[in-house]
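# Just to be clear, the model below is a prediction. Sequence and coordinates:
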Amino acid sequence: MDVGLGIIFQGTDHRRSDLEVYQNELRLGSMAESLGFQSIWGVEHHFTDYTMCPDVLQLLSYFAARSEKLLLGSMVVVLPWHDPLRVAEQVAMLDCLSSGRVILGLGRGLGRIEFEGFGIDMNTSRDRFLESAEMVLRGLEDGFVEYDGTLVRQVRREIRPRPHKTFRGRTYAAAVSPESSRIMAELGVGLLIIPQKPWEVVSAELETYRGVYREVNRAEPPAPIVGAWTFCHEDEDHAREMAVRYIGGYWRTVVEHYELVGDHLGRTRGYESYGRLQEIASADGGADAMIEFFLGIQVWGTPDQCYEKILEIRRITGAGAYNGIFSYAGMPWDDAEANMRLFAREVMPRLKELDDVPLGLPPSVSHSAA
């Protein structure tokens, strides 16, 4: 089982400057290769202290130069906020800079503040994502972009530098709604799972995705990648205390950033499945109950407990890779580093021994652009 490191640059502790957050998160990220992580992942968010990484591909360019073997994962590039032509160019360039180490993760976004900031109607996000993803993925295979859609229109142009190997088998999308899972299967991409709902629901949606994937692509889908908030400590009671404080603290930032106390998602086209989540979060005591639920689907505890929780996630999802996020919600830097180092020393070697097909990258494939 492959193991990656996610860094998210939360600025929610206002005693820290944004520069300090960046310096310390980059310091943690720079340890990834020496500690044995096989990949490093960044996220994309805008305008708030929820996570302060507005350009995940730029971040990954930094780690392309800082490392020799780390795979470089986007978790995710939010396509409706971008010109898809520029995304295709930037991805092709990063893949050349890193000699083919990119794992491309795509998504469609959920934060109303971000859609409004870019002047994008959130009701169009699903259609924008689908058209943009089709254009980008086709362009990265063919070496040129061209599209005539309802929202995305692009005259034929070459991508330079040319894509030098296929992105099939190394493209994933974040899918948290049944409708999105079907779209990902039809696009032929794998799933990137960020735990947000009961695992039995995730399992059922995965079966739907796999069925559509086999029907459309006449092949088995790639194993999912799971990313989760992680806290590892030798003392079980201390691990629980820190998980409640910081993983629970992270969930509070989710509620604030995505405005889960409210009802707008249930009234937004393409986000109807989030309506129930908003109802629960808005109910009396709902926020506290959701914290306990969120803690229950993340990974924390002693090294043995963390390992067993990841094994259970793997059993339910068939995940081929696990990405741990170790620093969040203003956790002291020393605690975040100790958390990451203990996981790398005591948990990661056991995960790597699991008999899975490694994430890896497909062999080089020549591209021709007519």
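All right, it came through fine.

# Quick one: name whatever helix or strand follows the longest strand anywhere in the chain.
Taking DSSP state E as the assignment, the strand of the chain that covers the most residues is strand 225-232. On the C-terminal side of strand 225-232, the closest following helix or strand by DSSP states H and E is helix 236-242.

# Point to the residue nearest the middle of this structure.
Central residue of the chain (Cα atoms, centre = their mean): Met75, 2.9 Å from the mean position.

# Just give the nearest non-adjacent residue to that residue, would you?
Nearest non-adjacent residue to Met75, counting by Cβ to Cβ, 6 or more residues apart in numbering: Trp41, 4.4 Å away. In short, each C-beta sits where N, CA and C put it, glycine included.

# cool, Trp251 as well?
In space, and not counting its chain neighbours, Trp251 is closest to Phe294: 4.4 Å by Cβ to Cβ, 6+ apart.

# ok, back up a step: which strands border the longest strand of the chain, and is each parallel or antiparallel?
In the sheet containing strand 225-232, the strands it pairs with under DSSP bridges are strand 190-193 (parallel), strand 299-301 (parallel), strand 321-325 (parallel).

# Quick one: closest of the ones you listed to Arg153.
Each of the strands paired with strand 225-232 was scored for nearness to Arg153 using Cβ to Cβ, and the closest is strand 190-193 (28.1 Å).

# I would like the residues contacting that closest one, please.
75-76, 105, 107, 169, 171-175, 181, 184, 202, 206, 209, 221-227, 317, 319 (Cβ atoms under 8 Å, 6 or more residues apart in numbering).

# 6 Å - rerun?
105, 172, 174-175, 184, 222, 224-226 (Cβ atoms under 6 Å, 6 or more residues apart in numbering).

# got it, and stretch 232-249?
229, 231, 291, 295, 298, 300-303, 306, 329, 331, 339, 342-343.

# Just the buried ones from those residues?
Those of the contacts of stretch 232-249 that meet the buried threshold are 229, 231, 291, 295, 298, 300-303, 306, 329, 331, 339, 342-343, by 16 or more other Cβ atoms under 10 Å.

# Can you tell me which of these end up in helices?
Cross-referencing the buried ones among the contacts of stretch 232-249 against helices under DSSP state H gives 291, 295, 303, 306, 339, 342.

# confidence score at the first one?
Per-residue confidence (pLDDT) for Ile291: 90.

# Make 2 the starting number, not 1.
In the new numbering, first residue 2, that becomes Ile292.

# close enough to count as contact, it and Arg253?
No: at 7.4 Å, Ile292 and Arg253 do not qualify as touching, with contact defined as Cβ atoms under 6 Å.

# Identify the residues contacting Pro350.
Listed by Cβ under 6 Å, 6+ apart, Pro350 has no contact partners.

# so where do the strands sit in this protein?
In order along the chain, the chain carries the following strands (DSSP E): 3-8, 40-43, 72-75, 78-79, 103-108, 145-149, 154-159, 172-175, 191-194, 226-233, 300-302, 322-326.

# out of those, deepest packed?
Among the strands of the chain, the stretch with the highest mean neighbour count (mean count of other Cβ atoms under 10 Å) is strand 40-43, at a mean of 28.

# Please compute how far that strand lies from its chain's middle.
9 Å (Cα atoms, centre = their mean, to the nearest Å).

# Mind putting the strands of the chain into TSV with mean pLDDT?
Formatted as TSV, the entries for the strands of the chain read as follows, by pLDDT from 0 to 100:
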stretch	mean pLDDT
strand 3-8	98
strand 40-43	98
strand 72-75	98
strand 78-79	98
strand 103-108	97
strand 145-149	98
strand 154-159	98
strand 172-175	94
strand 191-194	95
strand 226-233	98
strand 300-302	98
strand 322-326	98
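
# Let's have these in CSV, adding distance to Ser274.
Supplementary listing: the strands of the chain in CSV, determined by distance: least, Cβ to Cβ, whole Å:
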stretch, distance to Ser274
strand 3-8, 24
strand 40-43, 25
strand 72-75, 24
strand 78-79, 18
strand 103-108, 15
strand 145-149, 28
strand 154-159, 29
strand 172-175, 14
strand 191-194, 15
strand 226-233, 20
strand 300-302, 25
strand 322-326, 24
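
# To Ala89, which of these lies closest?
Proximity of these to Ala89 was assessed by Cβ to Cβ; the nearest stretch is strand 145-149, lying at 5.6 Å.

# Restricting to C-alpha, output the closest one in CSV.
Once side chains and other backbone atoms are set aside, the C-alpha atoms of strand 145-149 remain, and they are given as CSV (Å, rounded to 0.1, in the frame of the first residue of the first chain):
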residue,chain,number,x,y,z
PHE,A,145,-3.9,19.4,-28.2
VAL,A,146,-7.0,20.9,-26.8
GLU,A,147,-10.3,21.5,-28.6
TYR,A,148,-13.8,21.7,-27.2
ASP,A,149,-17.2,23.0,-28.2
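
# packing partners for that strand?
Contact analysis of strand 145-149 by 3 or more Cβ pairs under 6 Å, 6 or more residues apart in numbering; DSSP states H and E lists helix 126-143, strand 154-159 as its packing neighbours.

# between the last one and helix 126-143, how many degrees?
In this case it means strand 154-159. Strand 154-159 runs at 20 degrees relative to helix 126-143, counting by axes from the mean of the first three to the mean of the last three Cα atoms, to 10 degrees.
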